[in-house]
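show me the folded form of this:
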Amino acid sequence: MDTTLTDELRATQAGRIAEEILRKCVHCGFCTATCPTYQLLGDELDGPRGRIYLIKQALEGKPVTEKTRTHLDRCLTCRSCETTCPSGVKYSHLLDVGRQVVEARLPRPLADTLRRWVLKAVLPRQALFGSAVKLGRLAKTLLPSSVADQLPAFQPVGGPWPSPAGHPRRMLILAGCVQSSLAPNINAATARVLNKLGIELFEEAKAGCCGAVRFHLNDQDAGRHDMRRNIDAWWPHVEGGIEGIVVTASGCGVQVRDYGHVLADDPAYRDKAAAISALCRDPSEVLTAEKTRLLALLAAHPEPRGALAFHSPCTLQHGLQIRGSIEVLLQAAGYQLTLVADNHLCCGSAGTYSLLQPELAGQLRDNKLAALAAGKPALTATANIGCLMHLQAGSLVPVRHWIELIDEALA
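Predicted coordinates for the structure are as follows:
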C-alpha cells in the first residue's frame, strides 16, 4: 500500500511503525472473513481493511470525522485479522497509532470523555476498583445493565496460597487491577498448582495494572507510566534470577508481552521492557513445559468430570498465539470437551468494549453463548477475567478460569 504520511508524523517512531505496517497490506480482504464486527454489520469500514484505509487517510493529514472515530471505536482489537493475514500485517499496532492521531485531532463529546475518564481513573487502581465493586453490588439495581451485569452477585473469596516451601525455582505473578477483586482465587489456584510442580509463585505489591486499560482508552502516556512502574517493581526480582512472570489473564499477558514494542523508543526502559516481555508467561506455557510431571499428578486422581466448553479468548489465541494446549490439560484432568463453533470469534468483552459498546458486545456474547451451549456442557472455562465476567453475565452455566479446574483436579 502506497503511503504519503505527513512530514511531522513520518519523523516519529509511531509514524515509522505505521508506514511499515501499511506497506505490508495488499488489500486482499482475507481479514474480513474473520472480523467479528464485519460479520455482524457487513460494512467494509467495520472490517480491518476498511479501518486501515481510514487510518491511512488520517495519517496522511486528511480530515478526521465522527464517522472515522465511530468505525475505529467499534473495533474490538481482537487480532483475529492478524491470525488470518497472509502478509503479516500488525493491525493492532497500526490501530494504536491511528486511534491516537484521531484522538488528538477530534475531541470527544463531553459525555463520552467523562465516561472514559471514569474508566481510566477507577479500573487501574486496585483499591479504588475494589471499593467501587462493593458499592456497586449494594446499588446494583440502580446501575445501567451494561455495568450491573458485570458485577458478581457475591463477594468472591480467594483460596489459601501455599506456604513457602523453599523451592529453588521462583516466578512472579501479576496481581493486576480488577481480577483480584472479581476473582481472587485465580492467582491463588495458580500458586497452588505451580507449588505442586516445585515452583514458588509470589506477587510484587508495588506492581499494578499492566497498562492495557489506559493505553487502549487512548491515554497512551498514562498506559506507558503503568508499564514503567511495573518494570521498576519487577526489575530487582529479574536481577535476582526469577524464571518468569506469570500472567493469568490473557488480556494482560498480551499487554506485558508488548512492553518491548511499546517502549522501544524509550532509551531508559527499552532494554528492560524487552527483557520483561521475554519473561512473560501464560500459565498454560508453564504447565505445558512441565507436562510430564503434571500428567503424572493428574493420573493419580483419575475422575470423569463431565462435559466442558472451553472459550479461547482472542488475547490467548490471536494475541499470544496459544492454541490447543489448555484443552489438552483439561482433558487430562478428566473433562470431556465439547465442540464450539466459530471459536475464533470474539465474545464481545474486549477490555472496556463491553461497557463502551454494549449493543455490539451483547450481540457477540449471545452468539458466543449459543455456540458454547450447543454441546450441553455443565461448565464453561476460559482464560481471561474480562471474558469470564462478560460470559457469566448471560450464561446459564458457571464460567470458571481453567487453572481453577486444574487446581481442583489436583486437590
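
domains in the protein, by residue range?
The record's domain split for the chain, according to automatic domain parsing, is 7-105, 169-285, 297-410.

how about CSV for those domains, with mean pLDDT and mean neighbour count added?
Backbone N, C-alpha and C define where each C-beta goes, glycine included. Listed next are the domains of the chain as CSV, based on pLDDT from 0 to 100; neighbours: other C-beta atoms under 10 Å:
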stretch, mean pLDDT, mean neighbour count
domain 7-105, 93, 18
domain 169-285, 96, 20
domain 297-410, 95, 20
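
of all these, which one is nearest residue 160?
domain 169-285 (6.7 Å; C-beta to C-beta).

and that closest one, end to end?
From its first residue to its last, domain 169-285 covers 16 Å (C-alpha to C-alpha, to the nearest Å).

what of stretch 245-260?
With C-alpha to C-alpha as the measure, the ends of stretch 245-260 fall 14 Å from one another.

dump the domains of the chain into CSV; add distance to residue 163 as well.
Putting these into CSV (distance: least, C-beta to C-beta, whole Å) gives the following:
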stretch, distance to residue 163
domain 7-105, 40
domain 169-285, 9
domain 297-410, 16
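
for residue 115, find the nearest of these.
domain 297-410 (7.2 Å).

any idea how far that closest one is from the chain center?
14 Å (C-alpha atoms, centre = their mean, to the nearest Å).

and the biggest helix by length in the chain, what does it pack against?
Using DSSP state H to define each element, the chain has its longest helix at helix 220-239. Under the contact definition 3 or more C-beta pairs under 8 Å, 6 or more residues apart in numbering; DSSP states H and E, helix 220-239 sits against helix 212-215, helix 259-262, helix 270-279.

for residue 183, which of those helices is the nearest?
helix 212-215 (16.7 Å).

which helices and strands sit right next to that closest one?
helix 110-122, helix 220-239, helix 250-257.

excluding its backbone neighbours, what's nearest residue 304?
Excluding the flanking residues, the one nearest residue 304 by C-beta to C-beta, 6 or more residues apart in numbering is residue 334, at 5.4 Å.

which among the domains of the chain is found nearest to residue 119?
Taking these one by one with C-beta to C-beta, domain 297-410 is closest: 5.4 Å.

thinking again about what came up before, residues contacting the residue nearest to residue 304?
By C-beta atoms under 8 Å, 6 or more residues apart in numbering, the residues touching residue 334 are 298, 302-305, 409.

and residue 359, what does it touch?
Per C-beta under 8 Å, 6+ apart, neighbours of residue 359: none.

tell me if it really is in a helix.
Yes - assessed by DSSP: H, G, I helix; E, B strand; the rest coil, residue 359 belongs to a helix.

how close does it get to residue 235?
Note on residue 359: its distance to residue 235, by C-beta to C-beta, to the nearest Å, is 43 Å.

what about the nearest residue to residue 243 once chain neighbours are set aside, which SS state?
If the residues on either side of it in the chain are set aside, residue 243 comes closest to residue 171, at 5.2 Å by C-beta to C-beta, 6+ apart. At residue 171 the chain is in strand, as set by three-state DSSP.

again with residue 200
Looking at residue 200 with three-state DSSP, the answer is strand.
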